[in-house]
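In: return a 3D structure for these sequence lines:
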Amino acid sequence: MTSDPIENGSNPPEDNDGTNEFSSPENSEFADLLAAEDGTDSGSAKPGDKLTGRLLQIGDQDAFVDCGLREDLPISLTELKDDEGNLKFAVGDEITGHVQKSPDGLKLTMAINLREAGRDALQSAYDAGTPVEGKVGETNKGGFSVDLNGVRAFCPFSQIDVRRTEDPSVFVGRTFQFRILELSEDGRNVVVSRRALLQAEREEAARSIRDNLTLGDTFEGTVTRLVNFGAFVDIGGLEGLVHISQISHQRVSSPSDVLQEGQTVKVKILEIQNLGQGRSERISLSIKALASDPWPESADTLTPGTDVTGRVTRLVDFGVFVELVPGVEGLIHISELASRRIIHPREILNEGEEIPVRILDVDLDRHRISLSRRQSADYDGD
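Out: Residues are numbered from 1 along each chain as shown. Coordinates of the predicted model:
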């Protein structure tokens, strides 16, 4: 019996052209496909690409990051340190950076330091869209001067952040990463944008949130804009609306009375419409849904037949709403406002006015309290 060449350790039989079945072009192509599927094709990475990898090793001058390529990419140790020289990352942490060409091959960088790379790096950073590091200087007409480690650049006010800033001076003296938007042939006129990088990060975060967003989810968000009918809240690259009725259990006349732009709030997803479809996308949020309802506990202390003092919150054709305790309102029907006939409550009362009232009825299930002003012991007529 002829022995199996694989089992006895001998070489596989060769074909007539000098190759064997395990090194055929078809199998070679198959191996290349497998390598590409695993993300191990080093040719898939080129200068300017944005990659995320895991920190494998930290050396004296460089650290090494596994980005799924055949070889780990080095990154300068200085990029992993804060201003005081302390390491901000540890082995196992995820790092996101841009691929940069170096004399020794490809490397990873979070932002090109032009002092180290030289002015010639401007063009490559511009061509590849690689971030550059710069310090914001003084403000001038229309924007900021930015020192890119010896290279002077200009950043328009509109490009310093994703949102309009009332006080531009808050950015002066701070160091950020920028993307080069314009570069003249002689390299003297450089226009940069921080907003472009922030917007890209927001869009990437938004895609991740959209993939997993469901009704009832809760987020910690930032109030970005106040309007008459509510507040827009950023929940991590996505904006949703908290309608004025969903801000608080208490009646809110204007969102600006209880919220301010830049404030951090916790919100719950109430409704999702046309997710990912641009301008038609709608995400309804609620702050009130995550706050305890004061009604059951507070209203239970209000006893029919007793007199209390309340604050007028709304005047309507059929009566007056009065806040008795925070978050709990009652209604005085127009017939119970005065001993004489009146056409509209504004004839005798104003919003914000403190008045004595008598509690007529409390319906805890329906969240309704009936009040009377004219039956109050302290009513002195009109």
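In: just the helices in the stretch 101-250 of the chain please.
Out: Secondary structure of the stretch 101-250 of the chain (DSSP state H, counting those that start in this stretch): helices located at 114-117, 121-128, 195-212.
In: would a markdown table of those helices with mean neighbour count be doable?
Out: Where you see a C-beta, it was placed from the backbone N, CA and C, and this is true even at glycine. Shown next, in a markdown table, are these (neighbours: other CB atoms under 10 Å):
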| stretch | mean neighbour count |
| --- | --- |
| helix 114-117 | 16 |
| helix 121-128 | 18 |
| helix 195-212 | 14 |
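In: among those helices, which comes closest to P304?
Out: helix 195-212 (48.8 Å; CB to CB).
In: show the pLDDT at the residue positioned nearest the centre of the chain.
Out: The centre of the chain sits closest to G236, judged by CA atoms, centre = their mean, with a distance of 2.1 Å. Looking at G236, its pLDDT reads 85.
In: so it is in contact with G221, correct?
Out: Yes: between G236 and G221 there is a contact at 7.4 Å, judged by CB atoms under 8 Å.
In: any regions of this structure where pLDDT drops low?
Out: Filtered on pLDDT under 70, the chain yields the residue ranges 1-44, 48, 111-120, 187.
In: how is it divided into domains?
Out: What automatic domain parsing lists as the domains of the chain is 1-37, 43-109, 114-198, 213-290, 295-372.
In: looking at the ones you listed, which is nearest to E204?
Out: Nearest to E204, of all the domains of the chain, is domain 213-290, at 7.4 Å by CB to CB.
In: just the terminal-to-terminal distance for the closest one.
Out: Taking CA to CA, to the nearest Å, the first and last residues of domain 213-290 lie 18 Å apart.
In: first-to-last residue distance for stretch 296-311?
Out: Criterion CA to CA; first-to-last residue distance in stretch 296-311 is 20 Å.
In: leaving out the residues flanking it, which one is nearest to S372?
Out: Take S372 and drop its neighbours on the chain: the residue closest to it by CB to CB, 6 or more residues apart in numbering is E336, 3.9 Å away.
In: residues contacting that neighbour?
Out: Shown in contact with E336 (CB atoms under 8 Å, 6 or more residues apart in numbering): 319, 360, 371-375.
In: kindly report the same for R164.
Out: Counting by CB under 8 Å, 6+ apart, R164 makes contact with S158.
In: for L349, phi and psi?
Out: phi -130, psi 160 (degrees, to the nearest 10).
In: wait, it sits on G319?
Out: No: if you go by CB under 8 Å, L349 and G319 don't touch, sitting 10.2 Å apart.
In: so what sits against both of these two?
Out: The contact sets of L349 and G319 overlap at L337 (CB under 8 Å, 6+ apart).
In: show me where the stretch 251-382 of the chain has helices.
Out: All helices of the stretch 251-382 of the chain, identified by DSSP H, counting those that start in this stretch, fall at 295-299.
In: now the strands for it?
Out: In the stretch 251-382 of the chain, the strands defined using DSSP state E, counting those that start in this stretch lie at 264-273, 282-286, 307-316, 319-325, 328-333, 354-363, 368-372.
In: same question for the third one: list its buried residues.
Out: Of the residues in strand 307-316, those with enough neighbours to count as buried (16 or more other CB atoms under 10 Å) are 308, 310, 312, 315.
In: what does the first one give?
Out: Using 16+ other CB under 10 Å as the burial criterion, the residues of strand 264-273 that qualify are 265, 267-270, 272.
In: how big is the angle separating that strand from strand 282-286?
Out: Between the axes of strand 264-273 and strand 282-286, defined by axes from the mean of the first three to the mean of the last three CA atoms, to 10 degrees, the angle is 140 degrees.
In: would you mind getting the angle between strand 264-273 and helix 195-212?
Out: Computed with the same axes, to 10 degrees, the direction of strand 264-273 lies at 60 degrees from that of helix 195-212.
In: ditto for the last one
Out: Here strand 368-372 points in a direction 110 degrees away from that of helix 195-212 (the same axes, to 10 degrees).
In: repeat for the third one
Out: Between the axis of strand 307-316 and that of helix 195-212 there is an angle of 110 degrees, by the same axes, to 10 degrees.
In: just checking: what are the partner strands of strand 307-316?
Out: Sheet pairing of strand 307-316 (DSSP bridges) gives strand 319-325 (antiparallel), strand 354-363 (antiparallel).
In: of those strands, flag the one that's most buried.
Out: Among the strands paired with strand 307-316, strand 319-325 has the highest mean neighbour count (mean count of other CB atoms under 10 Å), at a mean of 20.
In: for it, which outside residues touch it?
Out: For strand 319-325, contacts defined as CB under 8 Å, 6+ apart pick out 250-251, 294, 298-299, 301-302, 308, 310-314, 329-334, 336-337, 345, 349, 355, 357, 359, 369, 371, 373.
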